[in-house]
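Colleague: sequence and predicted structure, then a few things I'm wondering about:
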Amino acid sequence: MAEIQLKNISKRWGSFVGVDNFDLTIADQEFLVLLGPSGCGKTTTMRMIAGLEDVTEGDILVDGKRINDLEPKDRDCAMVFQSYALYPNLDVYENIRFPLRMRKVPASEHNERVMRAAEMVELKDFLHRKPAELSGGQRQRVALARAVVREPNVFLMDEPLSNLDAKLRVSTRAQIKNLSHELKTTTVYVTHDQIEAMTLADRVVVMSAGVVQQVGSPTEIYDNPANTFVASFIGSPAMNLVNGTIENGTFTCPGVTVTGIDTKHTGKVTLGFRAEDCIVGSAAPSISAPVYSMELLGDATMATFRVGDAIASVKADKDFRAEIGETVSAEIPPALTHLFDATTGERI
Ligand code: ATP
């Protein structure tokens, strides 16, 4: 069991606020992802859970027990970092075994536990190599095995995939998801990559400048972003955001008219819509504008326009072609639009 309660925790250095009033209960066995741009406070939050950073204000409880003053070694959290932090002079076997020796686990258990961890991350054929003789992906798997071998209550992972190439990232991501599922360990995972967050998380916490912007399942934050920050951070490409005016359910700005939006709101707003929701070449276009760029994605084509004060993308099928500068039309289905306050960015 490991339910982690973060009760209004803050971290300040002098007058600088790194994390502001973070309040969340992470359920036992949950895979929670902290997502946000560089400097938003993700790592600091994780370091406070690990005990590597003091909490300025608030309490951290694990299974109802306050752990603010516990030493990192007494917290039963295993960490995996982006830099693998392996011991260069120890082979893979000894690297994986190291935490067992440190924690004075009876020697009779070592071999079985090391072999089980090595098997989980598919490293059994590499046990006698030194870290320098491994690829980046293999090194990261040694770091994972070293966390797994401890059988901790909590995994804390800080951008563990960021040093891997795109292909390895996808396969190691699947391995991490599978491990956490199999081991039923509560996991807190830090990343700035929204695809990683969406694919791994039970719930995602989107952060900006030390402040939690939204907490929800990947579907919730994709379908109902709480504000324009979250909307512009989630999705590939991110949601289109266009400033204009709404009246009687009709949104207008230069190049865009969307009718039939179910709202009583009037005045200045930001309209959000996703490229994948648009219907290119529809008989009832809401956007009609010259194409600014075209990208062939393999399974689809992405056309980008300049509309109003923004750039917006629409996804067409893979055979769609248009010259740059050619006028292309697309429908934005009104039921799939999102409205945000033009000043605060909050969802309306
Ligand atoms: P990244 O993705 O770049 O690692 P992050 O979201 O993990 O970013 P943090 O490392 O948590 O960000 O840092 C949050 C903020 O706190 C940053 O502005 C950082 O400069 C600041 N910060 C971190 N450690 C300290 C420190 N020891 N003293 C002062 N400020 C710090």
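Modeller: The structure has been received and is ready for your questions. Residues are numbered from 1 along each chain as shown.
Colleague: who's in contact with the closest residue to residue 253 other than its chain neighbours?
Modeller: Of all residues not flanking residue 253 in the chain, residue 244 sits nearest, at 3.0 Å (Cβ to Cβ, 6 or more residues apart in numbering). For glycine as for every other residue, the C-beta is placed from the backbone atoms N, C-alpha and C. Residue 244 makes contact with 251-253, 256, 268-269, 271, 308 under the criterion Cβ atoms under 8 Å, 6 or more residues apart in numbering.
Colleague: narrow these to those that are buried.
Modeller: The neighbour count (16 or more other Cβ atoms under 10 Å) marks 251-253, 256, 269, 271, 308 as buried among those.
Colleague: just the ones of those in strands?
Modeller: Using DSSP state E, the subset of the buried ones among the contacts of residue 244 located in strands is 251-253, 256, 269, 271.
Colleague: which of these sit farthest apart?
Modeller: 256 and 269 (12.0 Å; Cβ to Cβ).
Colleague: now name the helix or strand holding residue 323.
Modeller: Assigned by DSSP states H and E, residue 323 belongs to no helix or strand.
Colleague: residues contacting it?
Modeller: Applying Cβ under 8 Å, 6+ apart to residue 323 gives the contacts residue 291.
Colleague: same question, residue 33
Modeller: 188-191, 196-197, 200-201, 203-205.
Colleague: how about residue 294?
Modeller: Counting by Cβ under 8 Å, 6+ apart, residue 294 has contacts 301-304, 321-322, 324.
Colleague: would it count as being in a strand?
Modeller: Yes. Using DSSP: H, G, I helix; E, B strand; the rest coil, the assignment for residue 294 is a strand.
Colleague: per-residue confidence at it?
Modeller: We note a pLDDT of 92 for residue 294 in this prediction.
Colleague: distance of it from residue 209?
Modeller: 35 Å (Cβ to Cβ, to the nearest Å).
Colleague: go through the contacts of residue 294 and flag which are in strands.
Modeller: Under the assignment DSSP E, the contacts of residue 294 contribute 301-304 to strands.
Colleague: check what pLDDT the residue of the stretch 101-250 of the chain at minimum distance from the ligand gets.
Modeller: Minimum separation of the stretch 101-250 of the chain from the ligand (Cβ to the nearest ligand atom) falls at residue 192, amounting to 5.1 Å. Note for residue 192: predicted pLDDT of 93.
Colleague: likewise the one 5 residues further on?
Modeller: Among the per-residue scores, residue 197 shows a pLDDT of 94.
Colleague: could you check how far it is from residue 218?
Modeller: For residue 197, the distance to residue 218 (Cβ to Cβ) stands at 7 Å.
Colleague: and the two? which has more neighbours close in?
Modeller: More crowded of residue 197 and residue 218, by other Cβ atoms under 10 Å: residue 197, with 24 against 19.
Colleague: wait, does the helix or strand hosting that one contact the ligand?
Modeller: Taking DSSP H and E as the definition, residue 197 sits inside helix 194-200. No. On the criterion Cβ under 6 Å from any ligand atom, helix 194-200 is out of touch with the ligand, staying 12.4 Å away.
Colleague: which residues do residue 197 and residue 218 both contact?
Modeller: residue 204.
Colleague: what residues does this protein put near the ligand?
Modeller: Near the ligand, when you scan the chain using Cβ under 6 Å from any ligand atom, you find 13, 16, 18, 36, 38-44, 192.
Colleague: 5 Å instead?
Modeller: Within the chain, the positions near the ligand by Cβ under 5 Å from any ligand atom are 13, 18, 38-44.
Colleague: nearest to residue 102 among those residues?
Modeller: For those, the nearest to residue 102 is residue 43 (23.4 Å; Cβ to Cβ).
Colleague: wait, a helix at the closest one?
Modeller: Yes. Assessed with three-state DSSP, residue 43 lies in a helix.
Colleague: would you mark the buried spots in the helix or strand of the chain with the lowest mean pLDDT?
Modeller: Counting by mean pLDDT, DSSP states H and E, the weakest-scoring helix or strand in the chain turns out to be helix 166-183, with a mean of 85. For helix 166-183, burial by neighbour count (16+ other Cβ under 10 Å) applies to 168-169, 172-173, 175-177, 179-180, 183.
Colleague: show me the contact partners of the helix or strand just after that helix.
Modeller: Downstream of helix 166-183, the next assigned helix or strand under DSSP H and E is strand 186-191. For strand 186-191, contacts defined as Cβ under 8 Å, 6+ apart pick out 2-4, 26-35, 42-43, 45-46, 49, 153-162, 176, 180, 196-197, 200-201.
Colleague: name only those of those residues that count as buried.
Modeller: Using 16+ other Cβ under 10 Å, the buried ones in these are 2-4, 26, 29-35, 42-43, 45-46, 49, 153-162, 176, 180, 196-197, 200-201.
Colleague: picking up where we left off before, top of the ones in strands among the contacts of residue 294 by neighbour count?
Modeller: Most surrounded of those: other Cβ under 10 Å gives residue 303, at 26 neighbours.
Colleague: one step back: just give me the least confident of the contacts of residue 244.
Modeller: Scoring those by pLDDT puts residue 308 last, at 75.
Colleague: if the closest residue to that residue other than its chain neighbours is in a bridge, with which residues?
Modeller: Spatially, and ignoring its direct neighbours in sequence, residue 308 is nearest to residue 253 (3.8 Å; Cβ to Cβ, 6+ apart). Taking DSSP bridges as the rule, residue 253 bridges to residue 256.
Colleague: could you number the chain from 35 rather than 1 from now on?
Modeller: In the new count, where the first residue is 35, that last one comes out as residue 287.
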